[in-house]
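> Sequence and predicted structure below; questions after.
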Amino acid sequence: MSSSFLHSFAKPSSDAFINVVRGDMALLWDDKGNEYIDGIGSLWYCQIGHGRTEMADAVAAQISTLETYSTFDPFTNPLAEEVAKVIASLSPIANSRVFLCGSGSESIDSAMKIARTSQIQSGHPERSVIISRNRGYHGTNYGGTSAQGLPLNKVGYGTLLEGVLQVEADDIEAMSVAFQQNKGNVAAVIAEPVQGAGGVWPATREYLEALRRLCDDNGAYLIFDEVITGFGRLGEWFGATYFGVTPDMITFAKGVTSGYQPLGGVITGPAINAALTADPTFFLRHGYTYSGHATVCAAALKNIEIMKREQLVQRAQHVGQRIEAGLAALSLDGTLTGYRGAGAIWAGKLPDSLDATVVRDAMITKGVIARSIPGVIAFCPPLVITDAQVDTMLDVFASVVQSH
């Protein structure tokens with residue numbers, strides 16, 4: 001062991017890491033001076049690119065005024081109020097409110113807790129079951145781990161949350177059966193419009209519409225996990241708009257600040273808000289020390305301002321179309337066995353003989369960073385990536401696959 005840093009999603013015995021020290025838009029450099037195209041936006045989140053001095057200035061200005069102060073009763077701050085107002089205005093959920101936290105994992109656990117307590121407040125304490133889908137990734141806190149549809153991520157952590165179950169992804173009949181088996185007891189369904197870490201699997205509009213109907217017919221809430229798809233990644237501010245289906249809650253993180261500061265949250269719709277305010281004496285005993293952190297909110301506001309000014313939501317459509325066209329050509333010539341995706345999130349399907357991690361590592365040696373998921377290489381670059389950089393990224397991908 002040569003490092004004091006215990007890495008996430010890594011072998012604790014490993015000491016072989018690429019030391020990233022600098023970034024500029026869609027480019028990165030390591031401590032040895034090697035240059036890379038960031039083909040995955042760090043971890044599905046860097047919409048505006050790296051090294052933006054505007055972001056540094058906004059963060060510094062807020063820190064020099066007031067780094068933050070607790071937003072537990074009876075306090076608030078203008079940055080938290082403003083970012084909630086802006087996010088609510090971008091949301092496809094009318095008359096929404098915004099709960100703030102520090103990460104996607106916290107947003108998932110918050111949504112699950114809010115769903116259960118809202119059912120109680122609306123007079124239905126029996127509705128406590130939460131249904132998620134296979135292949136789903138919902139963070140790594142205990143609630144999100146319980147909702148995971150990736151079995152390996154659940155191993156070794158003891159007894160997980162009761163009343164949380166998974167059904168086959170994209171199988172509406174399986175979801176309907178789960179509702180029947182838990183008739184009258186379902187609090188919420190949680191689904192990613194595009195399953196990211198599970199391998200880039202877009203849902204269909206028809207499937208999400210059917211989920212909406214099932215929830216409506218059974219008094220359950222529909223939660224969209226938009227930690228990846230939120231804030232422009234699909235060419236709309238939210239995946240709910242892209243698919244034309246409105247949930248009761250939306251979880252977000254990642255792209256809301258492009259990773260410049262850690263922020264997550266839950267957008268709550270009218271059904272949730274009515275339940276939480278029905279009893280004026282009800283006290284929401286949930287939150288985090290850094291909920292509504294002023295400096296973090298300043299970063300989100302500046303990030304959203306940049307995205308609007310540079311029309312990066314619209315840019316996502318162009319970036320996605322260029323990646324899709326490249327993957328389609330590689331599938332047509334037999335380099336790949338297929339591709340899938342939506343907006344500016346795509347994955348190329350590898351021949352069965354190839355290991356995704358081997359392909360990823362070979363791409364890194366050629367100056368392109370992408371994400372390896374069993375069977376595929378995923379792309380989710382900063383929305384400021386140039387056309388030439390997209391083409392280079394795909395050329396490197398093709399050359400590695402063809403040479404292996």
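Good, I have the coordinates. Numbering: from 1, shown residues only.
> the helices in the protein, which residues?
41-44, 53-65, 78-90, 104-121, 142-147, 172-181, 205-218, 239-243, 270-277, 294-309, 312-332, 356-365, 387-403 (DSSP state H).
> hey, C-alpha coordinates of the shortest one in CSV?
Output in CSV follows, covering the C-alpha atoms of helix 41-44 (Å, rounded to 0.1, in the frame of the first residue of the first chain):
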residue,chain,number,x,y,z
GLY,A,41,-17.4,13.9,-18.6
SER,A,42,-15.5,12.6,-15.6
LEU,A,43,-18.4,10.6,-14.2
TRP,A,44,-21.3,11.5,-16.5
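> Tell me how far that helix lies from the chain's centre.
10 Å (C-alpha atoms, centre = their mean, to the nearest Å).
> still on that earlier bit, closest one to Ile190 among the helices of the chain?
Distance to Ile190, taken as C-beta to C-beta, is lowest for helix 142-147 among the helices of the chain, at 5.9 Å. (C-beta placed from N, C-alpha, C; glycine too.)
> So what's the gap between the closest one and the chain middle?
15 Å.
> Mind listing what's buried along that helix?
By neighbour count on 16 or more other C-beta atoms under 10 Å, the buried set for helix 142-147 is Tyr142, Gly143, Gly144, Thr145, Ser146, Ala147.
> Equivalent analysis for stretch 200-218, please.
For stretch 200-218, by 16+ other C-beta under 10 Å, it's Val200, Trp201, Pro202, Ala203, Tyr207, Leu208, Ala210, Leu211, Arg212, Leu214, Cys215, Asn218.
> what's the answer for stretch 283-296, then?
Quick answer for stretch 283-296 (16+ other C-beta under 10 Å): Gly287, Tyr288, Tyr290, Ser291, Gly292, His293, Ala294, Thr295, Val296.
> do the same with stretch 342-351
Burial within stretch 342-351, assessed by neighbour count using 16+ other C-beta under 10 Å, is assigned to Ala342, Gly343, Ala344, Ile345, Trp346, Ala347, Gly348, Lys349, Leu350.
> go on, stretch 65-77?
Thr68, Thr71, Asn77.
> cool, and stretch 363-380?
363-364, 368-373, 375-380.
> would a markdown table of those residues with distance to Ala325 and pLDDT be doable?
Listed next are those as a markdown table, based on distance: C-beta to C-beta, whole Å; pLDDT from 0 to 100:
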| residue | distance to Ala325 | pLDDT |
| --- | --- | --- |
| Met363 | 19 | 98 |
| Ile364 | 24 | 98 |
| Val368 | 18 | 98 |
| Ile369 | 21 | 98 |
| Ala370 | 17 | 98 |
| Arg371 | 20 | 98 |
| Ser372 | 22 | 98 |
| Ile373 | 21 | 97 |
| Gly375 | 22 | 97 |
| Val376 | 18 | 98 |
| Ile377 | 16 | 98 |
| Ala378 | 17 | 98 |
| Phe379 | 13 | 98 |
| Cys380 | 17 | 98 |
